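>>> quick one: sequence plus predicted model below, questions after.
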Amino acid sequence: MSAALAPWQQRIHDQAMASLAAGRLGHALLLCGPAGLGKRAVAERLAAFVLSGGDPAAEARNRPLIAAGTHPDLHLVGLIPNREGTRMRTEIVIEQIRELGQQLALTSQYGSAQVAIIDPADALNTAACNALLKTLEEPAPGRYLWLVSSRPGRLPATIRSRCQRLEFRLPPREESLAWLACRGHAAAEAAEALDAARGHPGLADEWLRGDGLGLRREVGADLDAIASGRADPLEAAVRWAGDERAAERLAHAAEHARDRAAALGLTDPDRLHKLASWFDDANRARELLRSTVRADLVVADLLLAWRDGARAQAGKGENR
């Protein structure tokens with residue numbers, strides 16, 4: 001909360017503050033855009049202002065409470081453990097929204113406002129969405145409901161239409177590079193990471209602070225080796241699913257397929273179509289990893305399809 005906002009975050013924040021000052025900020029907001037651009041950070045910064053009633057001293061006092069998630073007038077709704085406590089749920093359920101409604105009906109403890117942040121809002125299941133509609137349709141004075149989503153299209157139109165939209169977009173390249181430099185990254189490495197992340201500064205920063213680029217290169221090498229017959233897809237699947245980074249590997253794999261498709265251009269429509277299909281399959285596999293399906297089986301099916309596609313393409317070339 002105390003860290004300065006990135007330039008693209010500051011623009012959205014200032015836009016919302018201007019609407020608030022002009023009395024044009026609705027009680028329901030949908031903060032949407034690519035994951036990792038800091039939507040939640042902006043929501044919390046706005047909450048600090050709203051919950052302080054515009055008093056800078058009160059805002060300064062509120063920020064640590066908001067950062068810790070302990071402010072009594074800020075209600076955070078997200079994914080929680082299942083009833084057995086064995087894993088995180090993949091959906092936000094109706095009980096959570098009903099509890100939120102009860103909280104918002106109470107008197108504010110620190111002022112006249114309450115703020116609820118639902119993140120990720122696209123995880124709301126159908127029953128939870130239906131329960132949320134009542135709160136959206138019957139707003140109480142001083143109650144703000146903010147939805148954070150990287151996939152707003154998954155929300156019902158009935159919810160999206162009742163929210164004022166604050167859309168986050170990838171910033172200009174030079175702005176991203178300047179921000180990465182301020183984060184302490186060398187220019188050459190920052191440029192490589194930003195290109196690999198397709199212009200996403202948050203993702204580039206995450207990779208540079210960890211080993212994301214190294215993992216990306218490893219995934220590409222594995223796919224090339226599988227395609228050429230130098231590696232066993234089943235062995236690779238066991239490795240890919242053997243730790244907590246299987247979803248990250250699949251994201252890199254999907255991007256590898258996209259890069260291959262881009263390199264082909266329109267020279268081979270059949271191969272282009274198959275790469276596009278495999279890209280979709282890789283992203284669906286990431287979703288499956290959130291279920292109880294065995295990760296190694298999901299990844300194995302995907303990598304076998306990659307090998308078979310490469311073999312079919314090689315056979316096509318030989319028959320020409």
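The structure has been received and is ready for your questions.

>>> following the helix or strand hosting residue 57, which helix or strand shows up next?
Secondary-structure element containing residue 57, defined by DSSP states H and E: helix 56-68. Using DSSP H and E, the helix or strand that follows helix 56-68 towards the C-terminus is strand 74-77.

>>> quick check: mean pLDDT across the next helix-or-strand element following that following strand?
Later in the chain than strand 74-77, the nearest helix or strand by DSSP H and E is helix 94-104. Regarding helix 94-104, the rounded mean pLDDT is 95.

>>> with only the CA atoms kept, save helix 94-104 in CSV.
As requested, the backbone C-alpha atoms of helix 94-104 are provided in CSV (Å, rounded to 0.1, in the frame of the first residue of the first chain):
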residue,chain,number,x,y,z
ILE,A,94,-23.1,-18.1,-2.7
GLU,A,95,-22.4,-18.4,1.1
GLN,A,96,-19.6,-15.9,0.7
ILE,A,97,-21.8,-13.4,-1.1
ARG,A,98,-24.6,-13.8,1.4
GLU,A,99,-22.1,-13.1,4.2
LEU,A,100,-20.9,-10.1,2.4
GLY,A,101,-24.5,-8.8,2.1
GLN,A,102,-24.8,-9.2,5.9
GLN,A,103,-21.6,-7.3,6.5
LEU,A,104,-22.6,-4.4,4.2
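
>>> now do the following helix or strand past it: everything it contacts.
Beyond helix 94-104 on the C-terminal side, the first helix or strand identified by DSSP H and E is strand 114-118. Outside of strand 114-118, the residues within contact range by C-beta atoms under 8 Å, 6 or more residues apart in numbering are 40, 43-44, 47, 50-51, 73-78, 92, 100, 103-104, 108, 124, 132, 142-148. In short, each C-beta sits where N, CA and C put it, glycine included.

>>> let's see that with 6 Å instead.
43, 47, 50, 73-77, 100, 104, 108, 143-147 (C-beta atoms under 6 Å, 6 or more residues apart in numbering).

>>> repeat that for stretch 43-61.
Contact with stretch 43-61 is made by 1, 13, 16, 31, 62-63, 66, 73-74, 111, 113, 115, 117, 146, 148, as judged by C-beta under 6 Å, 6+ apart.

>>> quick revisit: now do the helix holding residue 57, average pLDDT.
Per-region confidence: helix 56-68 scores 87 on mean pLDDT.

>>> and that helix with strand 114-118, angle?
30 degrees (axes from the mean of the first three to the mean of the last three C-alpha atoms, to 10 degrees).

>>> which parts of helix 56-68 are buried?
For helix 56-68, a neighbour-count test (16 or more other C-beta atoms under 10 Å) marks 58-59, 62-63, 65-66 as buried.

>>> okay then, goodbye and thanks.
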